[in-house]
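Predicted coordinates and the sequence they were generated for:
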Amino acid sequence: MTTTTEAPALATRKLTYVKAFNEGLAQAMREDENVFVAGEDVAGYGGVFRMFDNLLDEFGPRRMIDTPISEAALVGLGVGAAAQGLRPVVDLMFMDFIGVCLDQIVNQAAKMKYMFGGALSVPLTITTASGAGLGAAAQHSQSLEAWLAHVPGLKVVMPCDAYTAKGLTVSAIRDDNPVVVMLNKVLLGSTGEVPEEIYGIPLGQAHTARQGSDVTVIALGRMVGEALAAADELAAEGVEIEVIDPRTVQPLDTETMFASVRRTNRVLVVHEAVTFGGLGAEIAAQIQDVVFDYLDAPVLRIGAPFSPVPFSPVLEKAYVPDRARIAQGCRRLLERS
Amino acid sequence: MAQRASTASKKSTQVSTQVIRDLHERMVRIRLFETEAGKLMEAGKLPGFLHLYVGQEAVAAGVMAALRDDDQITSTHRGHGHAVAKGVGFREMYAELYGRVTGACLGRGGSMHINDLSRGMLGANGIVGAGVPIAVGAAFAARYKGEDSVAVTFFGDGATNIGAFHEGANMAAILGLPVVFVCENNGYAEFTPQSGHMLLTDVADRAAAYGMPSVIVDGMDAVAVHRAAAEAVARARAGAGPMMIEAKTYRFFDHQGVKGLRHPYRSDEEVAEWKSRDPIDLLEARALADGTATRADLDDVWQRTREEIADAIAYAEASPLPDPADLLMNVYSG
Ligand SMILES: Cc1ncc(C[n+]2csc(CCOP(=O)(O)OP(=O)(O)O)c2C)c(N)n1
């Protein structure tokens, strides 16, 4: 399958994040008859987050399948069907539910090609909604990208806006590997410019969302928007930060990060997931491995404290990193000579 | 071999006045707790999700009236009814829904994690089916410690499609543990009708796969539920192993929240038909008919409960918020 690169010339219009996802999925289904969708309440109801609205009408029950609440069997269905040449899209609703089907993802989907000596591919897409911010509490709010990015054989994408929600989803479906598409719940209703045509965004290619010379901020998923807001705030103070959106956290485009750090000499990594063992740790380690000599300050990581996601909004707000903490982090980095 | 008890066909007669009043009070408490919670959510006062239990009250009341405080229950995302019926206080429940530090989970858990160990409420649960094996563990602990308490696990029809249910049921059966499996079959898993997620008409048939006896009861009839539960609990307590009760019931609100439906997955006629068999109305009619209670007695329960709820909501609203400085509290013991 080919992955088209970004074509900025395409005509765009405003779409919500969730509609952009939906459009990308529908176009990928039109493009390839082997793409089908399975999950809980995805067909008749259109998904609890409206991710699959209207798809049953267009594609019918052969390609839009409502399943029982059986996540292990659901992912397994995807693995088996993918091993037989279909391109399943299976939906896990909330990312937290990955806990009940981790074997199928980690021990089966991720490793099958390798263990079988390359005999087959597993072109499986797993869609799910992650992230805190809705008072959904500890079992419905997690960002577990680090668990998945740690498993060789899996790919993980984290769309930060409507444009990437569509393009990364299309690329995930076209990719011949198991790819987890982590949508962000808080972003579902956010709007952005989205091309009408089908397009893919290359997996493993970071995007510089804003250029700046003072600090490199590497932000994952929803934190990209927070970092851009922090950039506006800092610009008013005469500080220009560069915001990098990795888009794909596995594979991870570190070259774009290294190049930026060589220019800014300061770097902050921010994600919603807990800081300990999060991707910030991996990114910080790789940066100090490769561009240590360019650093004027230690790499700063911002993530959630080492606690489950709290329910009470006052705690949840303190828990999830935001623009204020990012701006503060940048100021701290700049205080170091 | 597994057998199906015939309680379903028995008329639910011969229960004491005390039991009828107990069932009534538990149901009224749930109904008012839930309808008030729904109003608070509509008013934008409650963050997060709210899966209302209204319509299913006879199940929680009937089962809980057969339990002791030291019997443990595990619940679901739709857990308020179980908590109320098990005796968890309104104050800590509302305070939790408000995210206050005085809440049942100190504001950390919200609706889906309400618990009260002093009442044997081992928690609502946000993961479908997850409570089932936990009840098996609680029952194991009771037997291990030489106690005669039992564990009851509540779950929906939809939950019986998940591995945890099947593994838990088989584990309880093979270990002969004192667990009562209570399936609240309200006909839907979210927006999918039972016929869309399993080919069985009776979830109770699944018990047979694990060599476990089962019984089907009218889940709108609190007395019927209670009699079946009393039998299953007595059996389990006596060391005869697990049993499953399937209560056919219905939820009156949507899967989550109180707003209108986006998709007419249930017909108006179906909803109206079930509402015409409101479990509280049925029990009140019965109590009035057989002279167990007067209208004034019943009204008194509603009135007292309303007052207690008003007090609890005022308490919740006046309660302090958790302190963000305590974000790391209770992540670990010790
Ligand atoms: C493992 C898991 N999968 C999916 C969900 C999302 N979910 C929450 S409630 C629900 C339906 C549960 O149906 P049922 O067990 O019949 O209980 P009911 O809601 O009818 O009380 C689903 C799919 C979840 N919480 N956990």
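Happy to help now that I have it. Numbers count the residues shown, from 1 in each chain, chains lettered A, B, ... in the order given.

Centre of the chain to the one helix or strand A:Thr128 maps to, how far?
Assigned by DSSP states H and E, A:Thr128 belongs to strand A:125-130. Taking Cα atoms, centre = their mean, to the nearest Å, the mean C-alpha location of strand A:125-130 is offset from the chain mean by 9 Å.

What helices and strands are in contact with it?
Contacts defined by 3 or more Cβ pairs under 8 Å, 6 or more residues apart in numbering or on different chains; DSSP states H and E place strand A:125-130 against strand A:87-94, helix A:162-174, strand A:179-184. C-beta here means a position set from N, CA and C on the backbone, and glycine is covered the same way.

Please enumerate residues in contact with the first one?
The reference is to strand A:87-94. Outside strand A:87-94, the residues within contact range by Cβ atoms under 8 Å, 6 or more residues apart in numbering or on different chains are A:25, A:32, A:34-40, A:42, A:47-49, A:51-52, A:71, A:74-75, A:77-78, A:81-82, A:98, A:101, A:123-130, A:136, A:139-140, A:173.

rewinding a little: partner strands of the strand holding A:Thr128, parallel or antiparallel?
Using DSSP bridges, the strands paired with strand A:125-130 in its sheet are strand A:87-94 (parallel), strand A:179-184 (parallel).

quick one on the thing from earlier: how about the helices and strands packed on strand A:125-130, which one is nearest the ligand?
Smallest distance to the ligand across the helices and strands packed on strand A:125-130 (Cβ to the nearest ligand atom): 5.5 Å, for strand A:87-94.

Nearest to the ligand: which residue in the stretch 51-200 of chain B?
Residue nearest to the ligand within the stretch 51-200 of chain B (Cβ to the nearest ligand atom): B:Gly156, separated by 2.3 Å.

Report the contact partners of that residue.
By Cβ under 8 Å, 6+ apart, the neighbours of B:Gly156 are B:Thr76, B:Arg78, B:Val128, B:Cys183, B:Glu184, B:Asn185, B:Asn186, B:Ala189.

The same query, at a cut-off of 7 Å, please.
B:Gly156 is in contact with B:Thr76, B:Glu184, B:Asn186, B:Ala189, counting by Cβ atoms under 7 Å, 6 or more residues apart in numbering or on different chains.

Would you mind listing the buried residues in the helix or strand hosting B:Ala234?
Element membership for B:Ala234 (DSSP H and E) is helix B:222-237. Within helix B:222-237, the residues scored as buried using 16 or more other Cβ atoms under 10 Å in any protein chain shown are B:222-233, B:235-237.

returning to what we had before: buried subset of the contacts of B:Gly156 as a PyMOL selection?
A single PyMOL command suffices to select whichever of the contacts of B:Gly156 are buried according to 16+ other Cβ under 10 Å:
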select buried, chain B and resi 76+184+186+189
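
quick one: low-confidence parts of chain B?
Within chain B, the stretches with pLDDT under 70 are B:1-13, B:260-262.

again, only using 80
B:1-14, B:259-263 (pLDDT under 80).

so where do the strands sit in it?
In chain B, the strands defined using DSSP state E lie at B:72-74, B:151-156, B:179-185, B:188-189, B:192-193, B:214-218, B:243-248.

Close to the ligand: what parts of the stretch 1-150 of chain A are there?
Proximity of the stretch 1-150 of chain A to the ligand is confined to A:Glu40, A:Ile69, A:Glu71, A:Met93, A:Phe97, A:Val100 under the rule Cβ under 6 Å from any ligand atom.

so which of those is the most crowded?
Most neighbours among those, by other Cβ atoms under 10 Å in any protein chain shown: A:Glu71, with 29 neighbours.

correct me, but that one touches A:Cys101?
Yes. Using Cβ atoms under 7 Å, A:Glu71 is in contact with A:Cys101, at 3.9 Å.

Point out where chain A drops to low pLDDT.
A:1-10, A:337.

ok, which residues in it are in contact with chain B?
A:40-41, A:44-45, A:66, A:68-70, A:72, A:97, A:99-100, A:135-140, A:305-307, A:310-315, A:318-319 (Cβ under 7 Å from any Cβ of the partner chain).

Keep only those of the residues you listed that are in helices.
A:Ala72, A:Pro313, A:Val314, A:Leu315, A:Ala318, A:Tyr319 (DSSP state H).

among the residues you listed, which two are most distant?
With distances taken as Cβ to Cβ, the most widely separated pair in these is A:Ala72 and A:Val314, at 36.3 Å.

which residues make contact with stretch B:38-47 from outside it?
Stretch B:38-47 is contacted from outside by A:Gly135, A:Pro313, B:Ala37, B:Leu50, B:Leu52, B:Leu97, B:Tyr98, B:Gly99, B:Phe253, B:Gly257, B:Val258, using Cβ under 7 Å, 6+ apart.

The closest residue to the fourth one other than its chain neighbours: neighbour count?
What it means is B:Leu50. Nearest in space to B:Leu50, with sequence neighbours left out and distances taken as Cβ to Cβ, 6 or more residues apart in numbering or on different chains, is B:Met41 at 4.9 Å. Residues within reach of B:Met41, counting by other Cβ under 10 Å, total 21.

Likewise for the one 3 residues further on?
A count of nearby residues for B:Gly44, using other Cβ under 10 Å, gives 7.

Just give me the residue right at the centre of chain B.
B:His82 (3.4 Å; Cα atoms, centre = their mean).

contacting residues around that one?
B:Ala60, B:Ile73, B:Ser75, B:Phe154.

At the geometric centre of chain A, which residue sits there?
Note: chain A centre (Cα atoms, centre = their mean) maps to A:Met158, 0.9 Å.

out of everything not next to it in sequence, what's closest to it?
Nearest to A:Met158 is A:Gly221, by Cβ to Cβ, 6+ apart, at 4.0 Å.

distance of that neighbour from A:Arg325?
Using Cβ to Cβ, to the nearest Å, one gets 16 Å for the distance from A:Gly221 to A:Arg325.

returning to that earlier point: so how far is A:Pro202 from the residue of the stretch 51-200 of chain B closest to the ligand?
For B:Gly156, the distance to A:Pro202 - Cβ to Cβ - is 43 Å.

now swap in A:Glu23 and tell me
For A:Glu23 relative to A:Pro202 (Cβ to Cβ), the value is 19 Å.

who's more crowded, these two?
Neighbour totals were compared for A:Glu23 and A:Pro202, and A:Glu23 leads with 21 against 17 (other Cβ under 10 Å).

which stretch of helix or strand covers that one?
helix A:17-31.

what about the helices in the stretch 201-337 of chain A?
Per DSSP state H, counting those that start in this stretch, the stretch 201-337 of chain A carries helices over the ranges A:223-235, A:254-264, A:279-291, A:313-319, A:323-335.

Redo those helices as a markdown table? Include distance to A:Lys14 and mean neighbour count.
As requested, these are exported to a markdown table (distance: least, Cβ to Cβ, whole Å; neighbours: other Cβ atoms under 10 Å in any protein chain shown):
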| stretch | distance to A:Lys14 | mean neighbour count |
| --- | --- | --- |
| helix A:223-235 | 16 | 22 |
| helix A:254-264 | 27 | 18 |
| helix A:279-291 | 30 | 18 |
| helix A:313-319 | 28 | 20 |
| helix A:323-335 | 23 | 18 |
